[in-house]
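S.K.: Please work out how this folds:
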Amino acid sequence: MQEPDPVKALIKKVGRGKTLARDLTSPEAFEAIERLLGGQFTPAQTGAFLQALRIKETTVDELVGAAQGAAGFCPEGLSAQPPANQTPLVVNLAFDTARKGGVLSLAALAYLKSEGLVAPLVVWEPASLFDQPSALARTLAAIQSHPKLAKSLPEMVTIRQCCPPWEALSPLRKELGFRSILNTIEKLLRPWPTAPVVVGISHDTFSERLCHVLNALGASSGAVVRGHHGTCDLGFGEKPTSFHSWNGDQVHEDSVEAHQLPWPAESSALLVSSLDSWAEWMTDETSGLWGMIRSQAAFFVSVATQKSLAESIQMVQKWSTEE
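M.R.: Numbers count the residues shown, from 1 in each chain. Purely as a prediction, here's the structure:
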């Protein structure tokens, strides 16, 4: 007998356990997220649905449909995508924690914008579930104290701006206490649908999958980075920073190693305890912090332009020499 309640029907389809659960089609995932964000799920149904998808694991089609369902709530005219000749680049730093934030990424994008060579957009989410200022908020303060970078902050939009109903989910997500498809959708939302995009993740499972999802959502190129604390930031340690990149349907796995980068690095600057010193360290553009900012900038240029990392490093070296 067919379930007459559409919400219960969606939950039942994915909630039959690891072996009996069935995948949602893309239109069904669209409907599910649209109904969830539209307030048609009870708190209990939301928890059951999110947990069922977590157990089952989400497919490319489910993620595409879910992201499209959430994107349907985006207000018109939120942010206009620049033309391709301005080299637009979206970097998603949407992590609602105090520790994570993509601090190097934010500084590197300000640097690139100051040179007029990339038109960046940052998608982020303030860390509202913690008492202390987030890593990203502290980095913003440091950048705003720098006379050059303060004038070149990239445009920033929050997940809640991209999808206004998102804010209402925060208390429930905190109560549930586990990562869900909502954490993945946060990495997929952006008002510039066809610009190259970079996102960060903390594990290998979804890296290649997210490339296919983002390509299906309109971004013909980009990278999914397994960087510092699950952000887009390169690691600068002994272990290489791995990433998947795509150009159309072609997905490749690669890595960035310290020996490929010509600038000095000071990995301790990425510690949360060091962030309050960034404003002072930024005054010395020969420092290890600036070396990492330039390295991060070169990586972003390679994604935005589809040039090799070596070519992008040469471009950044040229800019820094002319400063």
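S.K.: separation between Ile201 and Glu57?
M.R.: Distance check for Ile201 against Glu57: by Cβ to Cβ, to the nearest Å, it reads 14 Å. Heads up, the C-betas are built off the backbone N, CA and C, glycines and all.
S.K.: Please say which of the two ends up with more neighbours.
M.R.: Ile201 (22 against 14; other Cβ atoms under 10 Å).
S.K.: Check the more buried one and give its pLDDT.
M.R.: The score at Ile201 is 91. That number is its pLDDT.
S.K.: Test my guess that it contacts Leu210.
M.R.: Yes: between Ile201 and Leu210 a contact is recorded at 7.0 Å, counting by Cβ atoms under 8 Å.
S.K.: Give the residues shared as contacts by the two.
M.R.: 187, 224 (Cβ atoms under 8 Å, 6 or more residues apart in numbering).
S.K.: which residues in the stretch 201-323 of the chain form strands?
M.R.: Using DSSP state E, counting those that start in this stretch, the strands of the stretch 201-323 of the chain run over 221-226, 241-247, 250-256.
S.K.: mind checking which of those is nearest Ala52?
M.R.: With Cβ to Cβ as the measure, strand 221-226 is the member of the strands of the stretch 201-323 of the chain nearest Ala52 (24.8 Å).
S.K.: Direction-wise, compare the closest one with strand 250-256 and give the angle.
M.R.: With axes from the mean of the first three to the mean of the last three Cα atoms, to 10 degrees applied, the angle from strand 221-226 to strand 250-256 works out at 50 degrees.
S.K.: Can I get strand 221-226 in PDB, CA atoms only?
M.R.: What follows is strand 221-226, C-alpha atoms only, in PDB (Å, rounded to 0.1, in the frame of the first residue of the first chain):
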ATOM      1  CA  SER A 221      35.700  23.200 -13.300                       C
ATOM      2  CA  GLY A 222      37.000  23.400  -9.700                       C
ATOM      3  CA  ALA A 223      38.700  21.400  -6.900                       C
ATOM      4  CA  VAL A 224      37.700  19.500  -3.700                       C
ATOM      5  CA  VAL A 225      40.600  19.800  -1.300                       C
ATOM      6  CA  ARG A 226      41.400  17.600   1.700                       C
END
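S.K.: Run me through the strand neighbours of that strand, direction for each.
M.R.: strand 197-200 (parallel), strand 241-247 (antiparallel) (DSSP bridges).
S.K.: Nearest to Thr231, out of these?
M.R.: Across the strands paired with strand 221-226, Thr231 has its closest neighbour in strand 197-200 (4.1 Å, Cβ to Cβ).
S.K.: In this protein, which residue is most central in space?
M.R.: Geometric centre of the chain, nearest residue: Asn92, 2.7 Å, by Cα atoms, centre = their mean.
S.K.: Run through this protein and note the low-pLDDT ranges.
M.R.: 1-3, 96-100, 128-133, 321-323 (pLDDT under 70).
S.K.: What is the burial count for the closest residue in space to His228 that isn't next to it in sequence?
M.R.: Nearest non-adjacent residue to His228, counting by Cβ to Cβ, 6 or more residues apart in numbering: Gly235, 5.1 Å away. For Gly235, the neighbour count with other Cβ under 10 Å is 24.
S.K.: same deal with the one 10 residues further on?
M.R.: Other residues near Ser245 come to 20 when the count uses other Cβ under 10 Å.
S.K.: That one and Ala21: what is the separation?
M.R.: Per Cβ to Cβ, Ser245 is found 32 Å from Ala21.
S.K.: what does Val64 give?
M.R.: Distance, Val64 to Ala21, by Cβ to Cβ: 19 Å.
S.K.: do Glu208 as well
M.R.: The spacing between Glu208 and Ala21, counted by Cβ to Cβ, is 22 Å.
S.K.: Can you name the residues that contact the residue nearest to Leu36 when sequence neighbours are not counted?
M.R.: Closest residue to Leu36 apart from its sequence neighbours, by Cβ to Cβ, 6+ apart: Thr46 at 6.2 Å. Shown in contact with Thr46 (Cβ under 8 Å, 6+ apart): 36, 169, 172.
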